[in-house]
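*Asks:* need coordinates for the following:
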Amino acid sequence: MSRIDFYVLRESGESARRRFACRLAEKAWSLNNSVHIRVADAQSADLLDDLLWTFRDGSFVPHEKITQDAAQAGSPITIGTVDTRQCDLLINLADAIPDNANAFPRVAEIVTSDEPARQTSRQRFVEYRDAGHTMDTHKL
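*Replies:* Model prediction:
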């Protein structure tokens with residue numbers, strides 16, 4: 001089973017989730033971990049792709065967008081709507097829990113302070129817990 005980390009942010013909005021996902025991906029990469037950031041759609045992938053180049057002055061986070069052919073990914077960080085790539089950390093920014101969450105050693109769920117996001121995260125927490133995953137919550 002996977003370790004599921006819920007990162008609870010004080011900020012609200014989707015842009016806060018994306019910025020934190022960039023920071024988390026950069027940190028994981030600096031520790032020699034491979035990362036996949038799962039997004040809901042192609043537009044979200046484009047936004048995150050751009051943000052990974054600009055979220056912090058002086059940062060370099062090697063990444064690429066992937067589609068169905070994830071096996072050909074050459075970057076340690078990938079972004080896409082599919083989660084077929086084996087990696088050390090899956091950052092889930094999509095609307096649903098990945099069907100294959102247990103295939104990843106770690107899954108990160110990022111929760112913002114707005115009430116709809118908190119309600120959704122509570123439901124996800126219960127689903128992950130009921131599936132037998134190890135849970136941890138980080139209030140930031």
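*Asks:* for the rest of this, base every contact and every neighbour count on C-alpha atoms.
*Replies:* Fine.
*Asks:* for residue 13, grab the count of nearby residues.
*Replies:* 13 (other CA atoms under 10 Å).
*Asks:* revised request: answer the last question for residue 105.
*Replies:* Neighbours of residue 105 (other CA under 10 Å): 15.
*Asks:* run through the residues that contact it.
*Replies:* 1-3, 88-89 (CA atoms under 8 Å, 6 or more residues apart in numbering).
*Asks:* try 10 Å
*Replies:* 1-4, 86-90 (CA atoms under 10 Å, 6 or more residues apart in numbering).
*Asks:* what's the spacing between it and residue 5?
*Replies:* Going from residue 105 to residue 5 by CA to CA, to the nearest Å gives 11 Å.
*Asks:* repeat that for residue 135.
*Replies:* Distance from residue 135 to residue 5, by CA to CA: 6 Å.
*Asks:* neighbour count winner among these two?
*Replies:* Using other CA under 10 Å as the criterion, residue 135 and residue 5 rank with residue 5 on top: 18 against 15.
*Asks:* per-residue pLDDT of the more buried one, please?
*Replies:* The model reports residue 5 with a pLDDT of 97.
*Asks:* how far does whichever strand or helix holds residue 45 sit from the chain's center?
*Replies:* Secondary-structure assignment from DSSP states H and E places residue 45 in helix 42-54. Relative to its chain's centre, helix 42-54 lies at 13 Å (CA atoms, centre = their mean, to the nearest Å).
*Asks:* quick one: buried residues of that helix?
*Replies:* Residues 44-45, 48-49, 51-53 are the ones in helix 42-54 that count as buried (16 or more other CA atoms under 10 Å).
*Asks:* ok, so of those, who is nearest residue 29?
*Replies:* residue 52 (12.4 Å; CA to CA).
*Asks:* which one of the buried residues of helix 42-54 sits closest to residue 95?
*Replies:* residue 44 (11.6 Å).
*Asks:* tell me the helix or strand right after the lowest-mean-pLDDT helix or strand in the chain.
*Replies:* Across the helices and strands of the chain, mean confidence by mean pLDDT, DSSP states H and E is lowest for strand 63-65: a mean of 89. Using DSSP H and E, the helix or strand that follows strand 63-65 towards the C-terminus is strand 77-80.
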